[in-house]
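> Here is my input; please provide its structure:
(chains A and B)
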Amino acid sequence: MKRLATLLLAAAACIAAPAIAQEIGFTASDTLQLPRDTFFGAVAGVATNSKGHVFVYSRTGTPVMTLGGARSFVRGGSVLTEFDETGKYVRSIGKNLYGALAAAAVRVDRNDNVWIVDTYSGMVIKFDPQLRILMMLGRKPESIDVPATPNTGRAATGAPPASGMKSDLFEGPTDVAWDTNGNIFVADGTGNARVAKFDRNGVFVKSWGSRGSDNDQFSTARSIAVDTTGNVYVADRGNNRIQVFDNDGTYKSSITTAGNPQAICISPGTHQYLYASNSNPVNDIDMGGEIYKLELSGTVVGRFGRAGRQIKEFNAVNAIDCRTPNQLYVAEMGSWRVQKIALQ
Amino acid sequence: MKSHLAASAALSLLLSTVSAYPQVAATAFNSAPDLAYEAVPGFFHGIPAGDYMGELQGVATNSKGHVFAFHRGPNTRLWEFDQTGKFVREIGKDFYGFMFAHSVRIDRHDNIWTVDEGTNVVTKFDPTGAKVLMVIGHHPDAAQGPVATSRAPNAPAEKYTLCRPTDVAWDQQDNIFISDGYCNNRVVKYDRNGRFLAQNGSEKVGKGENEYNLPHGLQVDHAGNVYVADRGNARYVVLDNNLKWKTSYNNVGSAWSACISEGPHQYLFATNSNPNGNAPGSWKIGGQIYKMELDGTVIGKFGHAGKLEPGFQVVHMMDCRDPNQMIAGEIESWRMQKFVLKGSK
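Take a look at the predicted model:
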């Protein structure tokens, strides 16, 4: 019952949509071509590289748990798929990847390295453009407890949940971003509620945030992006805001004009835009779902789309790619697909 | 309230507890001279496209220089590389004795031994990996559903049942020594046919003589002495061939793994592995590998903690058959790296 109540509360938060904004016309298409008999599951992440290749990190099946071992081990459940610039299938990895359990995000950095974030393995993995592993942050838990205990924090650190545990072990990480110096920012996330900063070599620098609704606190840190001046934008879903921090994590402001954000993206170029999705919950298409285009100041340029199951409607958008001006890819947890969006 | 939404949706994956990350200061750190080991970038190659090594638990070479890697990737897998570092084959795909890798070692006859802490089994393969020659330990029985995680004290140690064993070694008579392990805290000696001879320690955790807190690896020198990496106590324990306590070395850090080289003058290598989940400021602590005389005299050190090569992320096992050609296997960067002493062959 308590859980139902919290779901309703979260749903209510979604309804609190911002003021009317100008509608932006757009077209949508489902362009990615998977091999026959291959399907996406809930699509957590989508990102393009500089050549226009599209990377999709999707929950494709159920993680498998061993029976009758010294402990219970889990593996499998998510696949990273690459498509070329025309949407043609190139390859997929993940079945043989120890850290692939439940996809959270994929992002491509400015050197075309591909990064995945996995919420259950608690790992952030950096691949080179050929998808060879370069670096990893966090560590997959060795085994799971039976029966599964509520989210009580990681036994390795003894930290209580959502306490802003300051280490490089993550608890439900959701997203990753970089500044122009290569510093790494991890949104961590749904289990913990903080942002962790690492230098380009993966050395832990600092961590900020904990569960709450004050400035510097997060309900959940669901998505993260960094602008060219190094400011860090965090989608604080549950608190109906995007918090903006400077490069060292000092709170600057909150953007409250884009609903309850689940996915954000900052476009490249000299005039950067911020896209934010007021995503509907996966169990309801009668609220929210629109995506906002904003100035970095938070001023709304316009909005487009609504929740729904059809093409040109959005169902629990969890990621936005905005590398190309006015052309987006959006990943949907509710409708298990990626849509290519052209804004007018 | 809202926080419970995410919390309730999250699978709770908890790191099974190791009793401690003691991470005591390695007192030899400052005084030991630096040794000129140089990384060989990209030495290991040829892994099939789309395939990945997982957490690298075990690494060992045979007399021909072939390298065997036992890793969690994500099924536990045993891979063979040739002496040039090129991938050769996978051994034991979907083998009943593989569930959660911990160690691989090659005996003086080039037989391949794996230690698996998920199946609680130590397996001896022939040198080609085609035939199973011996199984020690008891694979837990088939279960009809998830088995509840045990919160009870460790059950009394038994002769032939291992409890999350960690490593295997042999003396020159081919007696078998097993460190056992995460839920026993003992060293066991079996004869060459796998019959129980002796044990040191018990299921209980301790820090005194003849006690262990996670014996995490072991090696045997040519004289038959046994060297145990007593990780939870951050010390190396030395036993005689009948498992009688001799001494311990506690000045080389976290004591994750032991390696003793071959040849007329044997050396002991010790790894002061950095812990996972480093807190801020701890990144420069540890990571180095110490080279020692068997009597515990520290000769020097090399290596450091770091996410990127040639840094180490939690060295779990070393191969030092040739003491001038080291291979270090890392858990947290899912890789193994080769190091060659500058000026050696």
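> Quick one: low-confidence residue ranges for chain A.
A:1-19, A:149-165 (pLDDT under 70).
> Check the gap between residue B:251 and chain A for me.
Look at residue B:251 and chain A: by Cβ to the nearest Cβ, to the nearest Å, they are 26 Å apart. Placement of C-beta: from N, CA and C, glycine included.
> For that residue, grab the count of nearby residues.
Counted by other Cβ atoms under 10 Å in any protein chain shown, the residues lying close to residue B:251 total 20.
> That one falls within a strand, correct?
No - going by DSSP: H, G, I helix; E, B strand; the rest coil, the assignment for residue B:251 is coil, not a strand.
> I'd assumed residue B:27 was in contact with it.
Yes - the criterion here is Cβ atoms under 8 Å, and residue B:251 meets it with residue B:27 at 4.5 Å.
> bridging residues for residue A:328?
residue A:341 (DSSP bridges).
> cool, and residue A:33?
The partner list for residue A:33 in beta bridges (DSSP bridges) reads residue A:88.
> wait, what's in contact with it?
The contact partners of residue A:33, taken as Cβ atoms under 8 Å, 6 or more residues apart in numbering or on different chains, are A:83, A:87-89.
> give me that answer again for 6 Å
By Cβ atoms under 6 Å, 6 or more residues apart in numbering or on different chains, the contact list for residue A:33 reads A:87-89.
> go on, residue B:233?
Taking Cβ under 6 Å, 6+ apart, we find residue B:233 in contact with B:207, B:213.
> can you tell me how far residue A:193 sits from residue A:76?
Spatial separation of residue A:193 from residue A:76 under the definition Cβ to Cβ, to the nearest Å is 28 Å.
> These two: which is more packed in?
Remark: of residue A:193 and residue A:76, residue A:193 carries more neighbours, 28 against 19, as counted by other Cβ under 10 Å.
> Next, the distance between the ends of stretch A:298-308.
26 Å (Cα to Cα, to the nearest Å).
> chain center to that stretch: distance?
19 Å (Cα atoms, centre = their mean, to the nearest Å).
> Check stretch A:330-337 too.
Distance, stretch centre to chain centre, for stretch A:330-337: 12 Å (Cα atoms, centre = their mean).
> what's next to that stretch, contact-wise?
A:30, A:40-43, A:45-46, A:282, A:309, A:315-320, A:338-339.
> May I see the buried residues of that stretch?
Using 16 or more other Cβ atoms under 10 Å in any protein chain shown as the test for burial, stretch A:330-337 gives A:330-337.
> taking the residues you listed one by one, which sit in strands?
Using DSSP state E, the subset of the buried residues of stretch A:330-337 located in strands is A:330-332, A:337.
> mind showing which ranges of the stretch 1-150 of chain B have poor pLDDT?
Using pLDDT under 70, the flagged stretches of the stretch 1-150 of chain B are B:1-26, B:28-30.
> can you give me the strands in it?
Here the stretch 1-150 of chain B has its strands, by DSSP state E, counting those that start in this stretch, at B:37-39, B:55-61, B:67-72, B:76-81, B:87-91, B:101-106, B:112-116, B:121-125, B:132-136.
> Let me have the ones you listed in TSV, extended by distance to residue B:143 and mean neighbour count.
Listed next are the strands of the stretch 1-150 of chain B as TSV, based on distance: least, Cβ to Cβ, whole Å; neighbours: other Cβ atoms under 10 Å in any protein chain shown:
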stretch	distance to residue B:143	mean neighbour count
strand B:37-39	44	18
strand B:55-61	24	26
strand B:67-72	21	27
strand B:76-81	18	23
strand B:87-91	27	16
strand B:101-106	21	26
strand B:112-116	17	28
strand B:121-125	16	23
strand B:132-136	20	16
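> Save these as JSON lines, and put in distance to residue A:216 too.
As requested, those are exported to JSON lines (distance: least, Cβ to Cβ, whole Å):
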{"stretch": "strand B:37-39", "distance to residue A:216": "41"}
{"stretch": "strand B:55-61", "distance to residue A:216": "35"}
{"stretch": "strand B:67-72", "distance to residue A:216": "37"}
{"stretch": "strand B:76-81", "distance to residue A:216": "43"}
{"stretch": "strand B:87-91", "distance to residue A:216": "48"}
{"stretch": "strand B:101-106", "distance to residue A:216": "42"}
{"stretch": "strand B:112-116", "distance to residue A:216": "46"}
{"stretch": "strand B:121-125", "distance to residue A:216": "50"}
{"stretch": "strand B:132-136", "distance to residue A:216": "55"}
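> can I get these in CSV with distance to chain A?
As requested, these are arranged in CSV below (distance: least, Cβ to the nearest Cβ, whole Å):
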stretch, distance to chain A
strand B:37-39, 15
strand B:55-61, 6
strand B:67-72, 6
strand B:76-81, 9
strand B:87-91, 11
strand B:101-106, 10
strand B:112-116, 9
strand B:121-125, 10
strand B:132-136, 15
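> which stretch among those comes nearest residue A:36?
Evaluated with Cβ to Cβ, these place strand B:87-91 nearest to residue A:36, the distance being 28.3 Å.
> Now do the closest one and strand B:112-116, the angle between them.
With axes from the mean of the first three to the mean of the last three Cα atoms, to 10 degrees applied, the angle from strand B:87-91 to strand B:112-116 works out at 60 degrees.
> Show me what strand B:87-91 is packed against.
Contacts defined by 3 or more Cβ pairs under 6 Å, 6 or more residues apart in numbering or on different chains; DSSP states H and E place strand B:87-91 against strand B:76-81.
> Point me to the residue of the stretch 101-250 of chain A nearest chain B.
Closest to chain B within the stretch 101-250 of chain A is residue A:202: 3.1 Å, counting by Cβ to the nearest Cβ.
> Helix or strand: which one has that residue?
Under DSSP states H and E, no helix or strand contains residue A:202.
> how about the helices in chain B?
Ranges of helices in chain B, per DSSP state H, are B:3-9.
> ok, and what's touching stretch A:264-276?
Contacts for stretch A:264-276 (Cβ under 6 Å, 6+ apart): A:223, A:225, A:227, A:233, A:235, A:258, A:261, A:292-294, A:296, A:320, A:322.
> Generate TSV for these, with neighbour count, secondary structure and distance to chain B as supplementary columns.
Shown next, in TSV, are those (neighbours: other Cβ atoms under 10 Å in any protein chain shown; DSSP: H, G, I helix; E, B strand; the rest coil; distance: Cβ to the nearest Cβ, whole Å):
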residue	neighbour count	secondary structure	distance to chain B
A:223	29	strand	13
A:225	28	strand	20
A:227	18	coil	25
A:233	26	strand	20
A:235	29	strand	13
A:258	27	coil	18
A:261	29	coil	14
A:292	27	strand	21
A:293	22	strand	27
A:294	22	strand	24
A:296	18	coil	27
A:320	24	strand	20
A:322	25	strand	25
